[in-house]
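# pasting the sequence and the predicted model now:
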Amino acid sequence: MSDNKTMPEDKAIIDIENQDAIYDARTLGVPKMTVLGFQHMFAMFGSTVLVPALTGLSVSATLLFAGLGTLLFHLISRGKVPAFLGSSFAFLAGYYAIAPKGEKELLPYACLGVATAGLVYVILAGLIRAFGVNKVMRFFPPIVTGPIIIAIGLSLSKSAIDNCTTNWLVAVIAILIVVICNIYGRGMIRIIPILCGVLGACLVAVIFALICGSSVTLSDGTEYISMGGLKHFLLFKKDSLDAIKSAAWVGLPVEFNNTAFAVFKYADYKLVVTSIATIVPIALATIVEHIGDISAISSTVGKNFIKDPGLHRTILGDGLATILASLFGAPANTTYGENTGVLTLSKVYDPRVIRIAAGFAMVFSFCPKFAACISAMPVPVLGGISLVLYGMISAIGVRNLVENHVDFGKTRNVIIAALILVLSIGITYSKAKAIAFEIGSVKISLSGLAVGSIVGIVLNAVLKGKDYEYAE
């Protein structure tokens, strides 16, 4: 399908399966390129909009800055890497620590913390550029990053279970749809199991509401439509359904009061410091996630993107996209594995197609009615979907350890992993929820993930017996 003009210059690293790959989608024509771009937007959609649904952030702003962040990433990486940037799940623990119930007045502080975490990417990109990738990455071996990723998923598990308990029937249906689509699905169905789970479970919830739905008011005054008026079989919030009717078809996706800039209108500087100290260490885990995604894309496409355009460029692009999104009230960005799956399926590796998908995401962001429909998603559906996603995050951490053959016969490795897991999860579920201390008049609160990450990195650096060498 492709000739020498559409193949990469370094043919030696191209897998034989990529001989039919398309590296220049312009040979397909504009209509097909457009359809392929829409497919990539569709693939990232389910997971990307789930983050604002879970945290209370703006769905419209999320879509806008997923698109803008992707375009910024492509600009910095010289337009060579076919990666889409969507909402990061790793920072959910940070949002929950600062705004556990999605409080609108607290979310800007969390966004400021995430934006500051983006600076860690920028600093690391500079260090890689100055000293080389090998010297920097020795501080992030699998024995540190694996347990941190495991802890991210397990630390979030409580919120998933709490949401599931509002209606276990609907939650289990959502889980089953995801599992069936992922294991037995074909083509695009297998690529978008999360989106299928959301749509399928929401359809079931609508059917239940029409057949046996009735109103029920909880002790906090919130009015729901539930199955038979039972409090343990909730379906839709009435307020969210009313919001769909009143939402405009066209509107601006960003409001000042939802941005990180709103913090400085009536700033609580103690909370500012707490947010930064709590969320910034999470960047250590998301940076590792980024490296894994770039490696996966390189393997899929048959080009070494860690070498060209360089890991320092891809990390810088990811970090700046996260800073931009967070400042304007959207979730942190990250390179998306879902879109790598689409690359594998389509064998169209042209980054231009990804940029078309980014354009589609930005267009959808200007429709408030669409955002209101997303926000009306039943809580048990969110619970079922997030239960799967959080479990998958932990499973990725386990895979990180297994694929890198981490030797747990060594006492140092057991100690490092044990302390990361116990501190990260134990502190998260402790009565205090964090380790808090005061420096002068400023109260600093470190989340379990922050403490676990710091302890793991320090122990790996000082304990003897290091045997890991990072290889591109």
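Noted; the coordinates are in hand.
# okay, CA-based contacts and neighbour counts for the rest of this
Will do.
# how deep is residue 214 tucked in, by neighbour count?
Neighbourhood size, residue 214 [other CA atoms under 10 Å]: 17.
# and the helix or strand that contains it, how far from the chain's centre?
Residue 214 is part of strand 213-217 when elements are defined by DSSP states H and E. Computed by CA atoms, centre = their mean, to the nearest Å, the chain-centroid distance of strand 213-217 equals 34 Å.
# how about stretch 398-406?
Distance, stretch centre to chain centre, for stretch 398-406: 21 Å (CA atoms, centre = their mean).
# got the buried residues for that stretch?
Judged by neighbour count (16 or more other CA atoms under 10 Å), stretch 398-406 contains these buried residues: 398, 400, 401, 406.
# farthest-apart pair in those, please.
398 and 406 (10.4 Å; CA to CA).
# hang on, the earlier thing: give me the subset of the buried residues of stretch 398-406 that lies in helices.
398, 400, 401 (DSSP state H).
# so which of those residues comes closest to residue 37?
residue 400 (30.6 Å).
# can you tell me which residues contact the closest residue to that closest one other than its chain neighbours?
Among residues not flanking residue 400 along the chain, residue 146 sits closest, at 5.4 Å (CA to CA, 6 or more residues apart in numbering). Neighbouring residues of residue 146 by CA atoms under 8 Å, 6 or more residues apart in numbering: 396, 397, 398, 399, 400, 401.
# residues touching the third one, list them.
Residues touching residue 398, when contacts are defined by CA under 8 Å, 6+ apart, comprise 146, 147, 150.
# quick one: low-confidence ranges for this structure?
Within the chain, the stretches with pLDDT under 70 are 1-19, 46, 188, 191, 337-338, 341, 345, 440-443, 470-472.
# quick check, central residue of it?
The centroid of the chain falls nearest to residue 88 when counting by CA atoms, centre = their mean (1.8 Å).
# from residue 390, how far out is that one?
Distance, residue 88 to residue 390, using CA to CA, to the nearest Å: 12 Å.
# and the strands in this protein?
With DSSP state E as the definition, the chain shows strands at residue ranges 85-87, 213-217, 223-227, 234-237, 333-335, 435-439, 442-446.
# distance to residue 283 added to those strands, as JSON lines?
Putting the strands of the chain into JSON lines (distance: least, CA to CA, whole Å) gives the following:
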{"stretch": "strand 85-87", "distance to residue 283": "14"}
{"stretch": "strand 213-217", "distance to residue 283": "40"}
{"stretch": "strand 223-227", "distance to residue 283": "37"}
{"stretch": "strand 234-237", "distance to residue 283": "34"}
{"stretch": "strand 333-335", "distance to residue 283": "11"}
{"stretch": "strand 435-439", "distance to residue 283": "19"}
{"stretch": "strand 442-446", "distance to residue 283": "14"}
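# these: which one's closest to residue 98?
With CA to CA as the measure, strand 442-446 is the member of the strands of the chain nearest residue 98 (9.9 Å).
# can you point out the buried residues in stretch 334-351?
By 16+ other CA under 10 Å, the buried positions in stretch 334-351 come out as 334-344, 347-351.
# let me know the closest of these to residue 236.
Closest to residue 236, out of all of those and judged by CA to CA, is residue 338, at 28.4 Å.
# stretch 249-257: end-to-end distance?
Using CA to CA, one end of stretch 249-257 lies 21 Å from the other.
# residues contacting it, please?
Taking CA under 8 Å, 6+ apart as the rule, stretch 249-257 contacts 58, 60-61, 64, 108, 262, 328-329, 365-370.
# for residue 132, give me its contacts.
Neighbours of residue 132 in contact, by CA under 8 Å, 6+ apart: none.
# that one and residue 306, how far apart?
Taken as CA to CA, the span from residue 132 to residue 306 is 11 Å.
# what's opposite residue 446 in the beta bridge?
residue 435 (DSSP bridges).
# I'd say it and residue 280 touch.
No. Residue 446 is not in contact with residue 280 according to CA atoms under 8 Å; the separation is 9.8 Å.
# and those two? which has more neighbours close in?
For residue 446 versus residue 280, the count of surrounding residues by other CA under 10 Å is larger for residue 446: 24 against 21.
# from residue 388, how far off is that one?
As judged by CA to CA, residue 446 and residue 388 stand 27 Å apart.
# next: residue 121.
Applying CA to CA, one obtains 28 Å for the distance of residue 121 from residue 388.
# which one of the two has more residues nearby?
Per other CA under 10 Å, whichever of residue 121 and residue 388 has more neighbours is residue 121, with 25 against 19.
# excluding its backbone neighbours, what's nearest that one?
Nearest to residue 121 is residue 319, by CA to CA, 6+ apart, at 4.9 Å.
# re earlier: residue 117: which of the strands of the chain is closest?
Closest to residue 117 of the strands of the chain, according to CA to CA: strand 333-335, at 11.5 Å.
# packing partners for that closest one?
Contacts defined by 3 or more CA pairs under 8 Å, 6 or more residues apart in numbering; DSSP states H and E place strand 333-335 against strand 85-87, helix 283-301, helix 311-327.
# switch to 6 Å and redo it
strand 85-87 (3 or more CA pairs under 6 Å, 6 or more residues apart in numbering; DSSP states H and E).
# direction included, what does the strand it packs on pair up with?
When pairs are called by DSSP bridges, strand 85-87 turns out to pair with strand 333-335 (antiparallel).
# run through the residues that contact the residue nearest to the centre of the chain.
By CA atoms under 6 Å, 6 or more residues apart in numbering, the contact list for residue 88 reads 332, 333, 334.
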